[in-house]
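[1] compute the structure for the input listed below.
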Amino acid sequence: MRAFRPDLTDRSRQLQDLETPCALVDLDRLSTNLDAMASYTILHGLALRPHVKTHKSPRIAAEQVQRGAVGLTCATPRELEVMAEVSNDLLLAYPLLGAAKLARVMQLPREVRLTVGLDSMIAVDALATAARAADRDVRVLIEVDMGMHRVGVQSAEEALALAMLVRASAPLSFGGIMFYPGHIREHVDEQHGALDRLRDDLGHLITLLGDAGLPPTIVSGGSTPAAWRMHEVKGVTEVRPGTYVYNDRTTAAIGACGWDDCAFTVLGTVVSTAVPGQAVVDCGSKALGREPMRGTPGEGFGALLDRPEVVVSRMSEEHGILDLSATDWRPRVGDQVRIVPNHVCVVVHLNDTIHGVRGDQVESLWPVAARGRAP
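    Okay, here's the model as predicted:
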């Protein structure tokens with residue numbers, strides 16, 4: 001295992017010294033998570049291009065690159081700008097539209113190999129115009145809808161038409177295809193049917209492109225829940241998982257990680273026990289987000305790391321209500337708790353900084369450098 005090496009700025013501090021709510025990352029669990037995905041992709045001959053949307057930190061991105069990542073995946077111009085300090089091979093996995101945004105992305109350092117995912121002729125034309133004005137080569141991946149029904153062309157024929165347009169739109173070049181299997185949210189052991197359909201649809205598309213003289217060099221798939229089984233989908237060349245670095249309550253619930261693999265928690269303080277059967281912590285929606293478990297209401301908005309039966313059942317902006325009905329534990333006012341959020345990516349974005357910890361010792365502090373939108 002390669003130990004995570006963050007900036008050592010808070011070595012002498014203890015958890016009790018921190019102002020809550022604040023974000024914590026268990027450094028040992030983080031290292032284990034980074035190693036596990038790197039080992040999986042190496043074992044199965046897949047390129048790893050992790051999505052930085054989860055951590056938004058060049059410190060962690062550098063650890064991913066050092067473990068063999070071929071490049072990084074980004075969703076915003078801000079993420080591209082920050083991650084250009086770490087990698088010279090970046091994918092913008094989001095349709096790039098709007099003159100201001102196009103101009104901003106074209107200003108990335110010249111040494112950065114830029115790839116953009118898109119799904120429309122309008123986006124192709126706009127990107128080609130901006131790339132010509134900037135005298136910049138840009139590689140394109142055609143995004144295909146494989147079941148998520150969010151973005152992506154709806155047929156193999158549409159993908160082929162877009163690929164042909166890209167080929168005719170210098171300085172753009174056709175690099176391949178990408179898809180996001182976010183619709184595969186079954187437990188890892190129950191993904192067989194969804195993977196069979198994905199395998200069939202992807203195989204048809206790859207064959208059609210190859211027969212037309214446009215075989216995709218890159219076939220890129222994302223999503224932590226399905227990442228551990230992408231080697232079973234013939235044709236996939238790279239994976240783009242993001243959540244795996246920290247994991248969260250949802251990831252654990254579907255079996256894509258164990259509870260002990262959850263590296264990220266929100267540290268909170270019990271501020272009231274006045275109402276029987278509950279405790280109030282200083283972690284409301286502005287600390288934990290408000291995303292339900294897999295779209296299911298009634299399952300709370302987070303659970304205690306050391307007592308997962310205790311959930312945050314209700315929230316206001318600054319108040320989180322711990323439901324104590326399933327436990328004999330009775331906290332006292334002033335006690336600290338560590339909460340595993342339902343969806344870690346959203347919660348990271350709510351924080352300016354992350355504290356790296358081992359046990360109760362705070363060893364480091366790093367900024368969430370790529371949060372926000374401003375240059």
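[2] residue 252 contacts residue 259, correct?
    Yes - applying C-beta atoms under 8 Å, one finds residue 252 in contact with residue 259, separated by 5.1 Å. All C-beta atoms are positioned from the backbone trio N, CA, C, and that covers glycine.
[3] quick one: find the helix or strand in this structure with the lowest mean pLDDT.
    Comparing every helix and strand of the chain by mean pLDDT, DSSP states H and E singles out helix 224-227 as the least confident one, with a mean of 88.
[4] what's that helix in contact with?
    Helix 224-227 is touched from outside by 37, 40, 181-182, 184-185, 188, 191, 194-195, 221, 239, 241-244, 247, 251, 254, 256, with contacts defined as C-beta atoms under 8 Å, 6 or more residues apart in numbering.
[5] now residue 305. Nearest residue, chain neighbours left out?
    Leaving aside its sequence neighbours, residue 305 sits nearest to residue 338 (C-beta to C-beta, 6 or more residues apart in numbering; 4.3 Å).
[6] now the strands for the stretch 51-200 of the chain?
    In the stretch 51-200 of the chain, the strands defined using DSSP state E, counting those that start in this stretch lie at 72-74, 89-92, 113-118, 138-143, 172-179.
[7] could I get those strands as JSON lines with mean neighbour count, mean pLDDT and distance to residue 292?
    As requested, the strands of the stretch 51-200 of the chain are arranged in JSON lines below (neighbours: other C-beta atoms under 10 Å; pLDDT from 0 to 100; distance: least, C-beta to C-beta, whole Å):
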{"stretch": "strand 72-74", "mean neighbour count": "27", "mean pLDDT": "98", "distance to residue 292": "26"}
{"stretch": "strand 89-92", "mean neighbour count": "24", "mean pLDDT": "98", "distance to residue 292": "29"}
{"stretch": "strand 113-118", "mean neighbour count": "23", "mean pLDDT": "98", "distance to residue 292": "28"}
{"stretch": "strand 138-143", "mean neighbour count": "25", "mean pLDDT": "98", "distance to residue 292": "27"}
{"stretch": "strand 172-179", "mean neighbour count": "24", "mean pLDDT": "98", "distance to residue 292": "25"}
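[8] make CSV out of the ones you listed and add distance to residue 61.
    Shown next, in CSV, are the strands of the stretch 51-200 of the chain (distance: least, C-beta to C-beta, whole Å):
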stretch, distance to residue 61
strand 72-74, 6
strand 89-92, 10
strand 113-118, 16
strand 138-143, 20
strand 172-179, 19
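[9] for residue 374, find the nearest of those.
    strand 72-74 (15.3 Å; C-beta to C-beta).
[10] so this protein: which segments form each domain?
    Domains of the chain are assigned by automatic domain parsing as 27-247, 259-367.
[11] quick check: end-to-end length of stretch 222-231?
    Stretch 222-231 has its terminal residues 12 Å apart, counting by C-alpha to C-alpha, to the nearest Å.
[12] quick one on the thing from earlier: nearest to residue 18, of the domains of the chain?
    Sorting the domains of the chain by C-beta to C-beta, the top spot, which is the nearest, belongs to domain 259-367 at 6.2 Å.
[13] give me every residue that touches the residue positioned nearest the centre of the chain.
    Centroid check for the chain by C-alpha atoms, centre = their mean gives residue 242 as the closest residue, at 2.9 Å. Remark: with contacts taken as C-beta under 8 Å, 6+ apart, residue 242 is in contact with 50, 51, 52, 53, 54, 55, 73, 222, 224, 345.
[14] how much space between it and residue 170?
    32 Å (C-beta to C-beta, to the nearest Å).
[15] and residue 48, by the same measure?
    Counting by C-beta to C-beta, the gap between residue 48 and residue 170 amounts to 30 Å.
[16] for the protein, which spans come out with low pLDDT?
    The model of the chain has pLDDT under 70 over residues 1-12, 295-297.
[17] which residues in it form helices?
    Listed from the start of the chain, the chain has helices (DSSP state H) covering 27-43, 58-66, 77-83, 99-106, 121-134, 156-167, 192-211, 224-227, 249-253, 285-288, 344-348.
[18] packed most tightly, which of the ones you listed would that be?
    Sort the helices of the chain by mean neighbour count, taking mean count of other C-beta atoms under 10 Å, and helix 224-227 sits at the top with a mean of 26.
[19] quick one: distance of that helix to the chain centre.
    Here the centre of mass of C-alpha atoms in helix 224-227, compared against the chain's by C-alpha atoms, centre = their mean, to the nearest Å, lies 11 Å away.
[20] ok so, going back, by neighbours, which of the contacts of residue 242 wins?
    When these are compared by neighbour count (other C-beta atoms under 10 Å), residue 50 ends up highest, at 31 neighbours.
[21] how about the contacts made by it?
    In this structure, residue 50 makes contact with 37, 61, 64, 69, 72, 73, 240, 241, 242, 244, 245, judged by C-beta under 8 Å, 6+ apart.
[22] dump those into CSV; add distance to residue 141 as well.
    Rendered in CSV, the data for the contacts of residue 50 read as follows (distance: C-beta to C-beta, whole Å):
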residue, distance to residue 141
37, 21
61, 20
64, 20
69, 17
72, 14
73, 11
240, 11
241, 17
242, 17
244, 21
245, 23
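[23] residue 270: which of those is nearest?
    Residue 270 lies nearest to residue 245 out of the contacts of residue 50, by C-beta to C-beta, at 28.7 Å.
[24] just list the residues touching the residue nearest to residue 305, thanks.
    The contact partners of residue 338, taken as C-beta under 8 Å, 6+ apart, are 24, 265, 266, 267, 268, 304, 305, 306.
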